[in-house]
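Student: Predicted coordinates and the sequence they were generated for:
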2 protein chains.
Amino acid sequence: MLGQMMHRPLSIIEILRFSAETHPKGEIVSVRTEGDIHRYTYPDAYKRVGQLAHALKKLGIKAGDRVATLAWNGYRHFELYYAIAGVGAVCHTINPRLSAEQMIYITQHAQDCIMCVDLTFVPLIEALADKFPADMRFILMTDRAHMPESPIEFLCYEELVANEPTDFDWVELPEDTAAGLCYTSGTTGNPKGALYSHRSTVLHALMVVVTLAKMLNEGARVLPVVPLFHVNAWGLPYSAPLTGSSLIFPGAALDGASLFELMAREKVTSAWGVPTVWLGLQGEIAKRGQNPEGFSSVIVGGSAAPRSMIESFEKCGIDVCHAWGMTEMSPIGTSGLLSSHHLETLSHDAQIDLKSCQGRRAFGVDLKIVDEAGKPLPHDGEAIGELYVRGNTIVSGYFENEEASQAAMDAEGWFGTGDVASIDKEGFLLIQDRAKDLIKSGGEWISSIDLENIVMGHPDVANCAVIAVPHPKWDERPLLVIVPNGDKRVSKEEVDALLLKEVAKWQLPDAIEFIDALPMTATGKVSKLTLRQRFKDYKLPS
Amino acid sequence: MLGQMMHRPLSIIEILRFSAETHPKGEIVSVRTEGDIHRYTYPDAYKRVGQLAHALKKLGIKAGDRVATLAWNGYRHFELYYAIAGVGAVCHTINPRLSAEQMIYITQHAQDCIMCVDLTFVPLIEALADKFPADMRFILMTDRAHMPESPIEFLCYEELVANEPTDFDWVELPEDTAAGLCYTSGTTGNPKGALYSHRSTVLHALMVVVTLAKMLNEGARVLPVVPLFHVNAWGLPYSAPLTGSSLIFPGAALDGASLFELMAREKVTSAWGVPTVWLGLQGEIAKRGQNPEGFSSVIVGGSAAPRSMIESFEKCGIDVCHAWGMTEMSPIGTSGLLSSHHLETLSHDAQIDLKSCQGRRAFGVDLKIVDEAGKPLPHDGEAIGELYVRGNTIVSGYFENEEASQAAMDAEGWFGTGDVASIDKEGFLLIQDRAKDLIKSGGEWISSIDLENIVMGHPDVANCAVIAVPHPKWDERPLLVIVPNGDKRVSKEEVDALLLKEVAKWQLPDAIEFIDALPMTATGKVSKLTLRQRFKDYKLPS
């Protein structure tokens, strides 16, 4: 028997309409590529989104068309998120840190018909435009005064929007309609596209707010360092307006000093981003001997936050919450907020231990770990297996890529994350490693992440990575690659002593190499693939 | 184009499974009809729900069957909510305050096959059982030791549950599957059934948490005075577990002293219920000269909270949040939490004014006010019209009642609330009156609620109601009915002086009558229908 309730399609534009109506003082503050600060409210944004929707229709955008963006975190990018989805088209966010080959591949694969570009990327477009799909048009996200001389016939964003009516008659779309497209950075093979729907996006926004209401609430001022050009900035463009939280968009300047100044001036309450960004902010906090005023929480995701980073923030009175997810998960899967009973009963050290885990699943996200035969393993904190996920916010395959789709899903329709993990009795997920980054030594596994987290705690280490190198007897053995913090080079003995407090002797790296910088992927993660290639002929000491 | 995301059915049992997994210390504390206090955790509850699901299957319950409950707020009632919905059946909550005729009508109309009953209601069942559907079976919600002698062959709840396995293989149900049934108390005509679905219930839970996260969060201890036997206890059985809030179920004793003691002992952080209940609690707080420890918020709904009640709570440092909704709305439609800018910029008086409104819409609930021709009126705080609502959590009709269904919906599929209201520019809803309770005097409307709220502020008034009585010249004129607070009877002059501070002279009631108690409906609202009948031949002074 069916219920007798209305069935209204879950719809992205409804989030902004709600916010404009009920949170009229909610602000969006943006550091612009033009060099100044722009600020307006959710009602202002909603009107501009209406104008932009009219402009997109005039440009001939039809339901299902892909409209690409290549832009920093700012209000125009935010407007594109809503207007493109609102007219039934697909907002394809492109990571400007992708290689030229990858960018050409994904624009061709997605068959983007328009690309909306920040001023920063004009040279990039001029270099690549003729490799992009034929007939692609380009919108430059600025006003007439800032339009550059260029061989490309850029349309001017502000001119397109000006004079359009602010009311737009949003068509009701089936809730499974595609709304967003984001390609994984793809450390191997071609990038693969996650095609989000209105339903998945709205449910993700609701579930993120339910999980992280402590940071996402009316009056909060939220800084997404995590980019709009990748994984929907962890859904903040949706979850913040839903709660009336204000959004502070930092634009392109993500160094510690710029972030600190923006945060202090705008009284940011929580900041969200990958660990590498926080190293810079922590340096600035140390230099100034104070926090940005009102700053109380940092949400870390993208890569595991080293324990030393968590401790360092907590020492300054800043609460650290680990979040874990993937492009294929919209992206948030788990979050690391502790419960009141943890805070009441656990020692400080035990609390930091828990915070170093990836946290507990969000409502609507199922986790399972399985052995090599695909058999589910217990959630006992001991068993370690490959992590699979399931839920409305998780892809059922990749955009026009049957082969990758089939490889990603198991027989019951769960998505394979490629991570190896354990889950404890309270549901805390601990990612041990990427399956392909584990070091297989004499039939046993060594977690590169475990070793890295410990070594990161050494004051003379700025950054580090552990990779497998071939070994004639043990198959693989760990090599530790360190970026020194200053001139001093930590000794093998010192590293071993530090590691032996927490790991077994056979897990110690066989050698240390020092380099100036770690190779990074387009999403700010250490590229272990590049490192492995660089050290593939490395001779370990015998 | 469709997105490529998994499509998992929204499902009620998933809420409790989530809570059991990620909030294992979340508690359910219940004052039992057996006389003692029962406490357990969400994991315990989830296991018992599994056992109960097995028991229901053994009793032959099939998908779509209606299983009725007639019970106070307690853990077994909570278990029934989840187990009945979990096996694909429909949990039909019955209000024990309904008249015998109404109760017989709805059990026959719903064709309930089982009724689950608290000890309190054994005499009621014995009196009515032969008027209920033939073959109906009765489960008494207690253990063997408390089973009474009775001509009815009651099954024993604890015996049914005992020895069943705690694991139940929950079948995946389409998300539009019916899950709950609640009849409106129906001040006119027969009760009408709202048939909730899994989808509507889960979305309601999510949207309530997003709206009221301030009171619903991990570590909160929530007291639903609002009954499980009506309007899903405002969705608290779903929204509390979703956030890890603990639930404190008060059982049958809702007097001020009992509530105060329970709240103090269990460190309740927020209490939810209708205004009449809070009068008792406020009396107890005044008598003791202190609040229950840790008590910080009261959520008032069901009827408008008089301004004096809001002020009185706020004077004690207890935050008051008005919520508004209907059985047909799952039930929450709006909530009255103020924004930070209200708290920063408005005077205390202006804040209380705003808190006296019904608040702003929850995400997913649309409001419109229309004139008599059905034309939408502006949300300007001035225009007053009939209130219509739309959203996933709102009925599209009534259960097996085509005539009532058609009468309730407008041509565009919005549900008519029967309320007359204004909505201001910030989205604050102000219910002026039930359409049928408005007093039509000389072509102008007088709001009975406005007058009542003012008169309630007089110290010699315990309760009051304003109703229309026929008038030869003006068509209708207001009569004020007062329940005195103590022996003193407030004079007409005094009442007029109080009212004239806020209303026009022509809106003053023509007369005052004193009575011992106001007639109440089964849901704790003043029955103006009964009052009107009682005073239908009343002669106003000329």
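Tutor: Yep, it's here.
Student: Could I get the contacting residues of the closest residue to chain B within the stretch 401-542 of chain A?
Tutor: Nearest residue of the stretch 401-542 of chain A to chain B (C-beta to the nearest C-beta) works out as A:Gly427 at 4.6 Å. C-beta here means a position set from N, CA and C on the backbone, and glycine is covered the same way. If a contact means C-beta atoms under 8 Å, 6 or more residues apart in numbering or on different chains, then A:Gly427 has A:Arg360, A:Arg361, A:His379, B:Glu21, B:Thr22 as its contacts.
Student: Tally up the residues packed near A:Gly418, please.
Tutor: A:Gly418 has 16 neighbouring residues, counting by other C-beta atoms under 10 Å in any protein chain shown.
Student: contacting residues for it?
Tutor: A:Glu386, A:Arg434, A:Ala435, A:Lys436.
Student: ok, back up a step: would you confirm that the residue of the stretch 401-542 of chain A closest to chain B belongs to a helix?
Tutor: No - assessed with DSSP: H, G, I helix; E, B strand; the rest coil, A:Gly427 is coil; it does not lie in a helix.
Student: just to revisit the earlier point, write the PyMOL selection for whichever of the contacts of A:Gly418 are buried.
Tutor: Buried residues among the contacts of A:Gly418 (16 or more other C-beta atoms under 10 Å in any protein chain shown), as a PyMOL selection:
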select buried, chain A and resi 386+434
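Student: how about the contacts of A:Gly418 in a markdown table, adding distance to B:Gly50 and pLDDT?
Tutor: Converted to a markdown table, the contacts of A:Gly418 look like this (distance: C-beta to C-beta, whole Å; pLDDT from 0 to 100):
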| residue | distance to B:Gly50 | pLDDT |
| --- | --- | --- |
| A:Glu386 | 28 | 94 |
| A:Arg434 | 36 | 81 |
| A:Ala435 | 34 | 81 |
| A:Lys436 | 39 | 82 |
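Student: ok, the nearest residue to A:Gly294 once chain neighbours are set aside - how many residues close by?
Tutor: The shortest distance from A:Gly294 to any residue other than its chain neighbours is 4.4 Å, reached at A:Lys267 (C-beta to C-beta, 6 or more residues apart in numbering or on different chains). By other C-beta under 10 Å, 13 other residues sit near A:Lys267.
Student: Pull up the gap between A:Lys267 and A:Val320, please.
Tutor: Taking C-beta to C-beta, to the nearest Å as the criterion, A:Lys267 is separated from A:Val320 by 20 Å.
Student: picking up where we left off before, next, format the contacts of A:Gly427 as CSV and append neighbour count and pLDDT.
Tutor: What follows is those, written out as CSV (neighbours: other C-beta atoms under 10 Å in any protein chain shown; pLDDT from 0 to 100):
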residue, neighbour count, pLDDT
A:Arg360, 27, 97
A:Arg361, 25, 98
A:His379, 19, 96
B:Glu21, 20, 95
B:Thr22, 23, 94
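Student: Looking at these, which are in helices?
Tutor: In this view, the contacts of A:Gly427 that belong to helices under DSSP state H are B:Glu21, B:Thr22.
Student: Which of the contacts of A:Gly418 fall within helices?
Tutor: Counting by DSSP H, the contacts of A:Gly418 contribute nothing to helices.
Student: quick one: buried residues of the lowest-mean-pLDDT helix or strand in chain A?
Tutor: Here the helix or strand of chain A ranked lowest by mean pLDDT, DSSP states H and E is strand A:444-446, holding a mean of 83. For strand A:444-446, the neighbour count (16+ other C-beta under 10 Å) marks A:Trp445, A:Ile446 as buried.
Student: For the next helix or strand after that strand, which outside residues touch it?
Tutor: For strand A:444-446, the following helix or strand on the C-terminal side (DSSP states H and E) is helix A:448-455. By C-beta under 8 Å, 6+ apart, the surrounding residues in contact with helix A:448-455 are A:304, A:306-308, A:356, A:431-433, A:437-439, A:461, A:464-468, A:478, A:480, A:482, A:495, A:498-499, A:501-503, A:507, A:509, A:528.
Student: Show me these that map onto helices.
Tutor: A:Arg307, A:Ser308, A:Ser356, A:Val495, A:Leu498, A:Leu499, A:Lys528.
Student: so the last one makes contact with A:Ala465?
Tutor: This points to A:Lys528. Yes - counting by C-beta atoms under 8 Å, A:Ala465 is a contact partner of A:Lys528 at 6.4 Å.
Student: Contacts only, for A:Thr380.
Tutor: Quick fix: residue A:380 is Asp, not Thr. Counting by C-beta under 8 Å, 6+ apart, A:Asp380 has contacts A:Asp424, A:Lys425.
Student: hmm, 10 Å instead?
Tutor: By C-beta atoms under 10 Å, 6 or more residues apart in numbering or on different chains, the contact set of A:Asp380 is A:Ser422, A:Ile423, A:Asp424, A:Lys425.
Student: Between those residues, which sits nearest B:Val298?
Tutor: A:Lys425 (36.2 Å; C-beta to C-beta).
Student: From A:Phe249, how far out is the closest one?
Tutor: 40 Å.
Student: Looking only at neighbour counts, state which of the two leads.
Tutor: A:Phe249 (28 against 13).
Student: Look up the residues forming beta bridges with the more buried one.
Tutor: Residues in a beta bridge with A:Phe249, per DSSP bridges, are A:Ser30.
Student: okay but it is in contact with A:Leu228, surely?
Tutor: Yes - with contact defined as C-beta atoms under 10 Å, A:Phe249 counts as touching A:Leu228 (7.8 Å).
Student: The closest residue to A:Val171 other than its chain neighbours: what's it in contact with?
Tutor: Sequence neighbours aside, A:Gly88 is the residue nearest to A:Val171 in space, at 6.5 Å (criterion: C-beta to C-beta, 6+ apart). By C-beta under 10 Å, 6+ apart, A:Gly88 lies in contact with A:61-65, A:170-174, A:177-179, A:198, B:1.
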